[in-house]
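Trainee: Any chance you can model this:
(one chain, ligands or ions: 1)
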Amino acid sequence: MGILLKEKIQLNGEIMDYREEIARIISEAAEIEASEVMAAIGIPDDMAHGNFDFPCHRLAKTMRKPPAAIAEDLKSRIVLTQAFEEVKAEGPYLNFFINKAEYAESVLSMILGKGARYGESDDGSGKTVVIDYSSPNVTHEFHIGHLFSAVIGAAIYRIYDFLGYKTVGINYIGDWGTQFGKLLYAYSAWSSREKLEAGGLDELTRVYVKYHEEESNNPELKESARAWLVRLENGDAEAVELWKWFCKICLDKMEIIYKRLGITFDSYRGESYYEDKMQAVVDELFAKNLMEESEGAQIVNLEAYKMPPCLILRSDGGTLYPTRDIASAFDRKRTYDFYKSLYVTDMRQNLHFAQFFKVLELMGYDWAKDMRHIPYGVLSLENGPLQSRKGNTILLKDVFDEAARLILEVINEKNAELENKESVAEDVGVGAVVFGVLYTSRIKDLVFSWEKALNFDGETGPYVQYTHARATSVLSKGGLIIDGGMEVNFSKLTDPAAQELIKALDIYPSKIKEAAEKYEPFILARALVAIAQGYNKFYNVNIILTSDEDIKRARLALTKCVKDTLKSGLGLLGIKAPEKM
Ligand code: ARG
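Mentor: This is a model prediction of the structure:
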């Protein structure tokens, strides 16, 4: 079917672009530029109103008629090509109904041809996006507060990569600053080499907590901690050696979590790296007359921009968090010549980023406009298996272990014979947590609900993973080789459930782009749930493995598209897709 379509595929290797076609048709009927029409063409939520719509109020000014009259008028003048079944004037809208078999063909041949690469693009070719994510302070073990930055940042990284950008992931570890003075003092007072070797991070945490308890009764400890910090800053051999050791203990522990999350970085350049690169920043700020003295400290006054001053030097000459961020921004621009530079942290740092971006701008760097803070809200756990004991934070390790344990219970109930069930439980448990935090807009505070996140039926990770496993199983039972070269009778995919599903697949690439533009992985997560829901509905109302070969082939081809898209989309979110569950 569809000579026009085949011709198009042969001509430019591309499938029919319905929007372009609709824009052309309307522009001819209305005698306006196609480009003006293009941007206004939408996709109705409900397919009962067509596959595409055009709101006619756009033309009310030039055509000097009420939108509904314009719709009627255009409808009578429009000449449809065979790609369309019908155009209807409904209120102020023109609704376009496309030829269903041809729609199925255009979407499915694209996906069958691209497989797991469906949705990929080269939009970003030649452009580098630098993403600063996770970036924990290395004095303690990963707790749930660390989850958001890591998974949001890594998802944005993978999405940009998929869209053809060169991506650079930076773990700007907080391996410098006052906490190390405290830790060095605490170690020297209450620990030893043997104890630290034996206890590792638990031992470091023990003395760090003790330090804070003691400090409240004995303020002199502050002085001792300060003295250790100065030793470290001055490069004292013992202090430096211990500091390195503490960092390594902490980082090794973090790597275990990154592994479970499938997260990697291209650079671990942390705060300490900039220790000897800040003088240049300070000098430049003086030279550009941006520094002002305030109570002994050096600041950049930002009153004109309705912000408190940006602190550059403490009164004792020490540098600060913003000073280091300015130095690291120079380093990133020089090293990567980025198109965009992103920072994923919680929204309590909104002001910090606004301030230091402004300082860069005042220094005359126009690339400051390419930097973005990607803030997120607070994550907490709903009462459940892991209650936070007073004063204690909940460790990520425990959250993942618990999730995997609960999923294993479900597997033992439903499918006890499953091979590798521990590893499936790990993939689904960790995936459930990750999906749970990526399913809402990042700005919102999130109370993580165990029951919701681990549910196999809700809008969850396990639900999407389960749907993927279901599609995999249907395909293996179907026993056909399905790829771009197969013959499919697409007129067998015109029922409402198939068409709804095809639509969910069709808009998937635009959802990836939207997720990238808004730095919102949840848009992708929702697109995957929509595909999974569409498939389950399709599966429930249609017999896929029927004796009619034509129907079976067509339904299996659709199943294959679902499987590949779910797997690749989950992968972008950092979630594994087990073949069997
Ligand atoms: N280490 C900081 C924290 O834990 C986050 C660092 C974010 N990145 C940056 N370039 N400031 O709050």
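Trainee: how about the helix or strand containing residue 183 against the ligand, any contact?
Mentor: Per DSSP states H and E: residue 183 is located in helix 178-190. No. No part of helix 178-190 sits close enough to the ligand to count as contact by CB under 6 Å from any ligand atom; the gap is at least 10.6 Å. C-beta: built from backbone N, CA, C; applies to glycine.
Trainee: Show me what from the stretch 51-200 of the chain comes close to the ligand.
Mentor: For the stretch 51-200 of the chain, the residues in contact with the ligand under the definition CB under 6 Å from any ligand atom are 132, 135-137, 172, 174.
Trainee: Apply 5 Å and report the result again.
Mentor: By the criterion of CB under 5 Å from any ligand atom, the positions of the stretch 51-200 of the chain lying close to the ligand are 132, 135, 137, 172, 174.
Trainee: Taking these, tell me the two that lie furthest apart.
Mentor: Spanning the widest gap among those are 132 and 137, at 13.8 Å by CB to CB.
Trainee: Of those two, which one has the most company?
Mentor: Set side by side, residue 132 and residue 137 give different neighbour counts by other CB atoms under 10 Å, the larger being at residue 132 (27 against 16).
Trainee: bridging residues for the more buried one?
Mentor: residue 170, residue 343 (DSSP bridges).
Trainee: wait, it sits on residue 173?
Mentor: No. With contact defined as CB atoms under 8 Å, residue 132 and residue 173 do not form a contacting pair (10.6 Å).
Trainee: how near is residue 211 to the ligand?
Mentor: Taking CB to the nearest ligand atom, to the nearest Å as the measure, residue 211 falls 19 Å from the ligand.
Trainee: For the stretch 151-300 of the chain, just list every one of the strands.
Mentor: Assigned strands in the stretch 151-300 of the chain, in chain order: 166-170, 291-294, 297-300 (criterion: DSSP state E, counting those that start in this stretch).
Trainee: hang on, isn't residue 118 packed against residue 506?
Mentor: No. The pair formed by residue 118 and residue 506 falls short of the contact definition of CB under 8 Å, at 10.5 Å.
Trainee: Can I get the strands of the stretch 151-300 of the chain in CSV including distance to residue 468, mean pLDDT and mean neighbour count?
Mentor: Output for the strands of the stretch 151-300 of the chain, formatted as CSV (distance: least, CB to CB, whole Å; pLDDT from 0 to 100; neighbours: other CB atoms under 10 Å):
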stretch, distance to residue 468, mean pLDDT, mean neighbour count
strand 166-170, 25, 98, 21
strand 291-294, 57, 96, 13
strand 297-300, 52, 96, 20
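Trainee: Which member of the residues of the stretch 51-200 of the chain next to the ligand is positioned nearest residue 530?
Mentor: Distances from residue 530 to these, taken by CB to CB, are shortest for residue 132, at 31.1 Å.
Trainee: tell me the pLDDT at the closest one?
Mentor: Residue 132 carries a pLDDT value of 98.
Trainee: Pull the contacting residues for it.
Mentor: Applying CB atoms under 8 Å, 6 or more residues apart in numbering, one finds that residue 132 lies in contact with 153, 170, 172, 341-344.
Trainee: do you know how far it is from residue 271?
Mentor: Using CB to CB, to the nearest Å, residue 132 is found at 12 Å from residue 271.
Trainee: now residue 340
Mentor: As judged by CB to CB, residue 340 and residue 271 stand 22 Å apart.
Trainee: For those two, work out which one has more neighbours and name it.
Mentor: When residue 340 is set against residue 271 and neighbours are counted by other CB under 10 Å, the residue ahead is residue 271, at 21 against 18.
Trainee: Counting neighbours, what do you get for the closest residue to that one other than its chain neighbours?
Mentor: Counting by CB to CB, 6 or more residues apart in numbering, residue 176 is the residue found nearest to residue 271 once chain neighbours are left out, at 4.1 Å. Each residue near residue 176 was counted by other CB under 10 Å, and the total is 23.
Trainee: Sticking with the closest residue to the ligand within the stretch 351-500 of the chain, tell me its helix or strand.
Mentor: Per CB to the nearest ligand atom, the residue of the stretch 351-500 of the chain with the smallest distance to the ligand is residue 352, at 7.1 Å. Residue 352 belongs to helix 350-362 when elements are defined using DSSP H and E.
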